[in-house]
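Enquirer: I need the structure of the sequence given here:
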Amino acid sequence: MADMYDIIQALLNQKDLNKRQLAKLADIPYSSLISAFNRRSESFSSSHLQKIASALEVTVDDILEHTSHGEEKRFNEIIDTLEDMGFSFEYDDNYNLYGNLNLLHEEQGISISINQAELMSFFDNISKDSEYYRERYIKRRLFLEFGNEE
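Expert: Numbers count the residues shown, from 1 in each chain. Reported below is the predicted structural model:
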């Protein structure tokens, strides 16, 4: 899994910037930026992270969403969605990313054993599907409501 430094480096590469340029744009000492990248064990202060995000024209959430913090947040959002749909959960004793999670929906008689990585992948695919069908629906509705008959 990528850490925030990998994400920042990828954004720098996308924008064809180097760390010295980022330090200048973010108005933080270059030595602090390089030191943090070299240590990698400590995160930036919240003010430095905000300045870096602003300099890269992204949000702090954009930087953190693919880190373990972001993955945990996304997993919790999936759990909240499933709970809103009436699911309950049972976790294995040694639950982790690859440990099984039992999804239960008593009204529907559903009992599924799945691990966190599989569940998150499933939701990613659903999200991609819904974007595809939403786009098709918008195009179709535009054509039906505003299209010219030939």
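Enquirer: Who's the closest spatial neighbour of the most centrally placed residue in the chain, skipping the chain neighbours?
Expert: Centroid-nearest residue in the chain: Glu65, 3.7 Å away (criterion: C-alpha atoms, centre = their mean). Sequence neighbours aside, Arg74 is the residue nearest to Glu65 in space, at 7.1 Å (criterion: C-beta to C-beta, 6 or more residues apart in numbering). The way it works is simple: take the backbone N, C-alpha and C, and place the C-beta from them, glycine included.
Enquirer: Would you check how far apart the one you found and Ile112 are?
Expert: For Arg74, the distance to Ile112 equals 19 Å [C-beta to C-beta, to the nearest Å].
Enquirer: try Leu142
Expert: 38 Å.
Enquirer: neighbour count winner among the two?
Expert: Ile112 (13 against 10; other C-beta atoms under 10 Å).
Enquirer: Next, that one: secondary structure please.
Expert: Secondary structure for Ile112, judged by DSSP: H, G, I helix; E, B strand; the rest coil, is strand.
Enquirer: sorry, back to before: so what pLDDT did the residue nearest to the centre of the chain get?
Expert: If you check Glu65, the pLDDT there is 71.
Enquirer: and what of Asp27?
Expert: Taking Asp27 on its own, its pLDDT is 95.
Enquirer: Kindly report the same for the one 5 residues further on.
Expert: For Ser32, the model assigns a pLDDT of 87.
Enquirer: Identify the residues contacting it.
Expert: Ala23, His48 (C-beta atoms under 8 Å, 6 or more residues apart in numbering).
Enquirer: Report the distance from the lowest-mean-pLDDT helix or strand in the chain to the chain centre.
Expert: In the chain, no helix or strand scores lower on mean pLDDT, DSSP states H and E than helix 68-84, which sits at a mean of 77. Distance of helix 68-84 from its chain centroid, counting by C-alpha atoms, centre = their mean, to the nearest Å, is 10 Å.
Enquirer: how many neighbours does Leu49 have?
Expert: Other residues close to Leu49 by other C-beta under 10 Å number 19.
Enquirer: distance of the closest residue to it other than its chain neighbours from Ala23?
Expert: Distances taken as C-beta to C-beta, 6+ apart place Val60 nearest to Leu49, at 5.6 Å, with adjacent residues excluded. Look at Val60 and Ala23: by C-beta to C-beta, they are 17 Å apart.
Enquirer: show me the residues around the residue nearest to Leu49 that make contact.
Expert: Ser46, Leu49, Gln50, Ala53.
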